[in-house]
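> here is the input, now give the coordinates:
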Amino acid sequence: MTTANEDPAVTRALRGLAHTDASVRLRTALAVGSAPDARLVDRLVERCAAEPDFSVREMLTWALTRHPRDLTVPRLVGELRSERPRARSQALHTLSKTGDRRAWPAITPALLTDPDDEVARAAWRTAVVLVPEDEAPALAAVLAGQLGRGGRETRLSLSRALIALGAAAGPALYAAAAHPEPRVREHTLATEELRRDPDAGFDFAIEEAKRRVALGAYGDPNGRP
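Numbering: from 1, shown residues only. Below you'll find the model as predicted:
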């Protein structure tokens, strides 16, 4: 009987995934996704946590989505407890692509408020995909607690996540509009601006929000001084 370690195809795949050349790793991940093999799931997940090349990570994620979710989801959920930020962020990203709501309980407040911006952003994107409808308001409250955080890309990611929650985010945004910190109010007002006019653009929305806060906007995010 041929074991996984003795199977030439598996051996080639394992070598390819660990190759020093990113183009080889990319082609190998594509090949593995094109011909899924359950024996490679663990290695794909492990490689996601260590892979430095963005394109290769995306291909690894795609390859994992081609395998049965009963195999991949538990393994990805386990990665959410990793001490390595990249392992957590890539596992979250891949879980968002599977769309398997069995992973929802693993999207904890600790992940949604992770000090690493890339992990937090991945958690926000994943949460809005997986959250059950009746838990969306509670998720919005946690996300609203992060308003004002980080640089442009982090704030944009958070705004998009809150907007994706739709009406469930309304009460949390209303409360955040009265926050004593101007940066939080600015981010809240910018998010509401994008909810009303998705074509406005984030930079415009932020500048408009700064103007409104400077003029005394406080409280109702729909109010216009």
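
> so for residue 15, what's the pLDDT?
If you check residue 15, the pLDDT there is 95.

> what sits up against the strand or helix carrying it?
Assignment of secondary structure by DSSP states H and E places residue 15 within helix 8-17. Contacting residues not belonging to helix 8-17 are listed as 4-5, 24-25, 27-29, 31-32, 37, 39-40, 43-44, 47 [CB atoms under 8 Å, 6 or more residues apart in numbering]. C-betas here are computed from N, CA, C, even on glycine.

> tell me where the model's unsure across this structure.
1-6, 217-225 (pLDDT under 70).

> okay, which residue is most central for it?
In the chain, the residue lying closest to the centroid (CA atoms, centre = their mean) is residue 122, at 1.9 Å.

> helix, strand or coil for that one?
What DSSP: H, G, I helix; E, B strand; the rest coil gives for residue 122 is helix.

> can you tell me which residues contact it?
So residue 122 contacts 88-90, 92-93, 96 (CB under 8 Å, 6+ apart).

> nearest residue to it other than its sequence neighbours?
Residue nearest to residue 122 in three dimensions, not counting chain neighbours: residue 92, with 3.8 Å by CB to CB, 6 or more residues apart in numbering.

> burial measure for the one you found, as a count.
Around residue 92 sit 29 other residues, with neighbours defined as other CB atoms under 10 Å.

> which stretch of helix or strand covers it?
In the assignment (DSSP H and E), residue 92 maps to helix 85-98.

> and that helix, what does it pack against?
The elements that helix 85-98 packs onto, with contact taken as 3 or more CB pairs under 8 Å, 6 or more residues apart in numbering; DSSP states H and E, are helix 41-50, helix 54-65, helix 69-79, helix 117-130.

> how distant is the helix or strand just after it from the center of its chain?
The helix or strand immediately downstream of helix 85-98 is helix 109-112, counting by DSSP H and E. A distance of 11 Å separates the centroid of the chain from that of helix 109-112, by CA atoms, centre = their mean, to the nearest Å.

> can you check stretch 170-181 too?
Taking CA atoms, centre = their mean, one finds the center of stretch 170-181 at 23 Å from the center of the full chain.
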